[in-house]
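Asker: Could you look at this predicted model? Sequence included:
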Amino acid sequence: MQNKGLIRAFAILFGLVCIYQLSYTFITNAKEKKAKAYASAKYAEGTQNYASLREIAEESYLDSIGNEEIFLGITYNDAKKKELNKGLDLKGGINVILQISVKDILEGLANGSRNPAFNKALIDADQIQKDAQEPYVESFFKAFDALPDAKLATTEIFATKDLSDDIKLGMSNDEVKPVIRRKINESIVSAFEVLRERIDKFGVTQPNIQRLGETGRILIELPGAKDIERVKKLVQSTAQLEFWDVYKAEEVFPVLAQANAMLQAELPKEDNKATPSEETKEDSSIDDLLEDAEEVEKEEANVNPIFDLIQGQAYPGQPVVASVAKKDTAQFMGYLNSSKVRNLLQGEQRYMRFAWGKADDAAETFDLYAIKANRQNTPELSGNVITDAQQTYSQLGNVAVSMQMNGKGAKVWEEMTGRASQQQSQIAIVLDNVVYSAPGVSSGAISGGRSEITGNFDVLEAKDLANILRAGKLPASADIIQSEIVGPSLGKEAIQSGILSFIIGLVLILVWMIFYYGKAGAFADIALIVNILFIFGILAGLQAVLTLPGIAGIVLTIGMSVDANVLIFERIREEISKGKSQANAIADGFKNALSSILDANITTGLTGIILLIFGTGPIKGFAFTLLVGIGTSLFTAIFITRLLIDGYGKNGKELAFSTAITKNWFKNINIEFLKKRKIAYIISGVLVTVGLISLFTQGLDQGVDFVGGRTYTVRFNKDVNATEVDSELTEIFGSVEAKISGASNQLKITTNYKVDETSTEVDNEIRRKLYDGLKPHLSNNLAYQDFISGNDQKVEGIMSSIKVGPTIADDIKKAAFWAVLGSLIVVFLYILIRFRRWQFSLGAVAAVFHDVLIVLGLFSLLHKVMPFSLEIDQAFIAAILTVIGYSLNDTVVVFDRIREFLDDHKDWKLARVVDAALSSTLSRTLNTSLTTLLVLLAIFIFAAPLRGFMFSLIIGVIVGTYSSLFIATPIMYDTVQKVGLKEAKKEEEEVATA
């Protein structure tokens, strides 16, 4: 091998760079362990709220040492920014896709138009979107164009004062559409910038926020975020800040009295009287019933629909109109907003708007305010005048948010406060239609544009509110249409199981290589360890995100690295058996194995590229680590192993590529594989047929990735019966599935209840129903807040959750289809170009189809009986593509040897060439499959979250090995004529000599 010195220097320097990049991770891990130890010593487990107190103590400790120099000028804060990123499944956190409401943007551009055609088009667009993949605005245009004589450029729609520079009266619809598209895009860009500013100030390290195409979707990833509810409020709040004058309680009381009287009159006569309950009737004797009836007739108590719901007294001169129990707020507001009650309002009160005040989580009642709105429902002062906001404390020592307004806002604020001072009234500070406070003004007009919000919130909420107000409002509402939430304790467990399975799998491979190849195997092991260093160093240097599927990708590349060494060692053994010297055998072994190594890695790499293009989230991480691993595996197997072997043998030392036990394994084997192909066809035909029948009859267990819905991983303090829980929850949700996930005290609960609704309100409703439904199986003292929240010490409640809206599910399904199809097409073309015969491509692709169908069939047959999940999700698509890559890897190595034998043994019949090629590669095929299976089995046993993923890979490796021997090659043989091959060879030789 030439340039050994250069390769050696590069390997050493690159290794040092990788160690340097990984040093940041070692530094942060060491400091965070000290922080955990400090927090644990400070707050014992018996302390009330010890988990939350420990988190605060950890953060405080790390903040205090953040800028202290640790090593060579590196501080903890510096190291934290450059450590190896861990994904949600390893670190916990939240990953959401927000859908910015284009419908809201359109309504805003049209100034809330009441034009019938405009609103009809919006309703029709909502229906079109249920089955469409196009952006919402295109569905709106399609719906609008379907209406007769409908014009976008009218004063009632888009030819408004605000858009007068871009849209003129009389413009055609086709002229207006590009303007609207541009305005929508600007609004989405604005939303993206607002969200990025909020996230940057949230305090999470290594956040990721990116816009997803032109769909109005924004991806936000916050690994390590623990307070999930806080994050959701932060990203979904539109920050619509408004300042309104409010009515006093005595001004609104007559309205409530009129409304109550009207509703009371409309009640059926029997509802106006208090009657004995059914229970009383059943339990009482006839005499008791007669006595009760007499009492009822005497009392004749009237029901007051509105006043009976009021819990607290309103005081004259104050802005609180009434206090209503939390459970009655929806009913109460429904009464007030009904058309009949609204018709009672006269004069300026016609525009009266009701809003609830902000209450803390423990509050039992909500205060009601009546806002002095106007015809346009436009506030005199809004949040766009805010230039700065900070968390402060009021004069009474309560948590507050102070705000500074610009010049225009300061002037209006002075006018409003002056008026309120004169009238002894209040000004409501309203954020997202919730009244945070409604202070009075007693000292005259407030100049300078300073204001303050006080209310029922803690320091963190106040900081978030100040952050939101500084960043500005979102141009439209944002719904979470897809989310993945992993509690920190589950992430911690995933790290432990992932590392353990990785180490066990690695040790098994290292031991096997030494057992089979002796000292040469030890050199391969050294190259393998260098390979792992390179992989993690590159991932750390490129700030890539490591996930559990990513670890699986790394383990798979380790198996491929071993495969490359196995190919080389087997070729060297063949050369030695031909009587060549050790030096020549090594040189020829590396040279002859190179073609197979490159072909095998390129085909697997092609599937990795397809996965990188079409995959999302953790699957992209899997694809990226796979591609990085392929590159480093090639370098270490071809160059590092060669350097070590040449260095050992340069002084004439003998190097055996086997041990005393394995020396004669697979020697002089000559199996007639082709004679057994009909039996193989029958076996495969039966397996594929049974699988297809199962697929068409009972189908697959499709996860929420493909059908939409919500999935919760819930842990209990004792073992639970999944069937019993399933039955109980079905009564609540109608459609639900509960199954064991990992340990027997942990369930994966999936429901498509209200699958089309993605609002926070529906999310909260479902979690509350889930909590109520599971209460009999939970600890008696587990509160709802503890059930849904997350921390490092959590041992019961929701450990993780996934939500996928139906639109996103359709997109994922479509991307998965193109990923699989694209990989098959690309591989077919590569093999066609590489081997120049379509029969080889046909054999390889037929084997791939065979392998995929068997894996799918087994998943269909076994998903109801296996003790672990066999859901079809994005991870499964990654597994299928990996199976495709592995199957092709095996097949290409065999085809490469057939091509070589066709050149070396031109007088042999094709059947003899094929059998000899299969027999000569059998040692490599079984060795590679065994080492890969050892790793996969280690992950399968020790990494419970990946069992379904690993199961598909294990089946894929076994079936892929079988198909490369008994499907791909026999199909190639049956579809090609020996004479045809000979003639093709002669033509190629004639062209070459010409």
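Answerer: Received, thanks.

Asker: Would you mind measuring from A259 to W356?
Answerer: 17 Å (C-beta to C-beta, to the nearest Å). All C-beta spots, glycine's among them, are computed from the backbone N, C-alpha and C.

Asker: Which one of these two is surrounded by more residues?
Answerer: Set side by side, A259 and W356 show more neighbours around A259, with 21 against 17, by other C-beta atoms under 10 Å.

Asker: Packing partners of the strand or helix carrying that one?
Answerer: Following DSSP states H and E, one finds A259 within helix 249-266. Helix 249-266 sits against strand 320-325, helix 329-337, helix 339-342, with contacts defined as 3 or more C-beta pairs under 8 Å, 6 or more residues apart in numbering; DSSP states H and E.

Asker: Of these, give the one that comes closest to Y962.
Answerer: helix 329-337 (61.2 Å; C-beta to C-beta).

Asker: Ramachandran angles for the residue nearest the centre of the chain?
Answerer: The centre of the chain sits closest to E484, judged by C-alpha atoms, centre = their mean, with a distance of 4.4 Å. With angles defined as degrees, to the nearest 10, E484 sits at phi -130, psi 120.

Asker: got any ranges where the stretch 801-950 of the chain has weak pLDDT?
Answerer: Along the stretch 801-950 of the chain, the model assigns pLDDT under 70 to residues 806-809, 945.

Asker: That one: helices as residue ranges?
Answerer: Ranges of helices within the stretch 801-950 of the chain are 806-835, 838-862, 874-904, 910-920, 922-942, 947-963, based on DSSP state H, counting those that start in this stretch.

Asker: where's W512 relative to A524, distance?
Answerer: Distance from W512 to A524, counting by C-beta to C-beta: 10 Å.

Asker: out of these two, which sits in the more crowded spot?
Answerer: A524 (28 against 17).

Asker: Report the buried residues of the helix of greatest length in the chain.
Answerer: Scanning the chain for the longest helix, with DSSP state H as the assignment, gives helix 4-42. Buried positions in helix 4-42, judged by neighbour count with 16 or more other C-beta atoms under 10 Å: 7, 11, 14, 18, 21-25, 27-28, 31-32, 35, 38-39, 42.

Asker: same thing with stretch 837-852?
Answerer: 837, 839-852.

Asker: ok, back up a step: could the C-alpha coordinates of the helix holding A259 be exported in PDB?
Answerer: Output of helix 249-266 as PDB, limited to C-alpha atoms (Å, rounded to 0.1, in the frame of the first residue of the first chain):
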ATOM      1  CA  ALA A 249     -70.400  45.700  38.100                       C
ATOM      2  CA  GLU A 250     -73.500  47.800  38.700                       C
ATOM      3  CA  GLU A 251     -73.700  48.700  35.000                       C
ATOM      4  CA  VAL A 252     -73.800  45.000  34.000                       C
ATOM      5  CA  PHE A 253     -76.100  43.700  36.700                       C
ATOM      6  CA  PRO A 254     -79.300  44.800  35.000                       C
ATOM      7  CA  VAL A 255     -78.300  42.900  31.900                       C
ATOM      8  CA  LEU A 256     -77.700  39.800  33.900                       C
ATOM      9  CA  ALA A 257     -81.100  40.200  35.600                       C
ATOM     10  CA  GLN A 258     -82.900  40.600  32.300                       C
ATOM     11  CA  ALA A 259     -81.100  37.600  30.800                       C
ATOM     12  CA  ASN A 260     -81.900  35.500  33.900                       C
ATOM     13  CA  ALA A 261     -85.600  36.400  33.700                       C
ATOM     14  CA  MET A 262     -85.800  35.600  30.000                       C
ATOM     15  CA  LEU A 263     -84.000  32.200  30.300                       C
ATOM     16  CA  GLN A 264     -86.200  31.400  33.400                       C
ATOM     17  CA  ALA A 265     -89.400  32.100  31.400                       C
ATOM     18  CA  GLU A 266     -88.200  29.700  28.600                       C
END
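
Asker: Give me the residues contacting that helix.
Answerer: 272, 302-307, 314-322, 335-336, 340-341, 344-345, 349, 352, 370 (C-beta atoms under 8 Å, 6 or more residues apart in numbering).

Asker: Sticking with A600, tell me its helix or strand.
Answerer: Counting by DSSP H and E, A600 is found in helix 582-614.

Asker: helices or strands up against that helix?
Answerer: With contacts taken as 3+ C-beta pairs under 8 Å, 6+ apart, helix 582-614 sits against helix 548-577, helix 618-635, helix 641-649, helix 806-835, helix 874-904.
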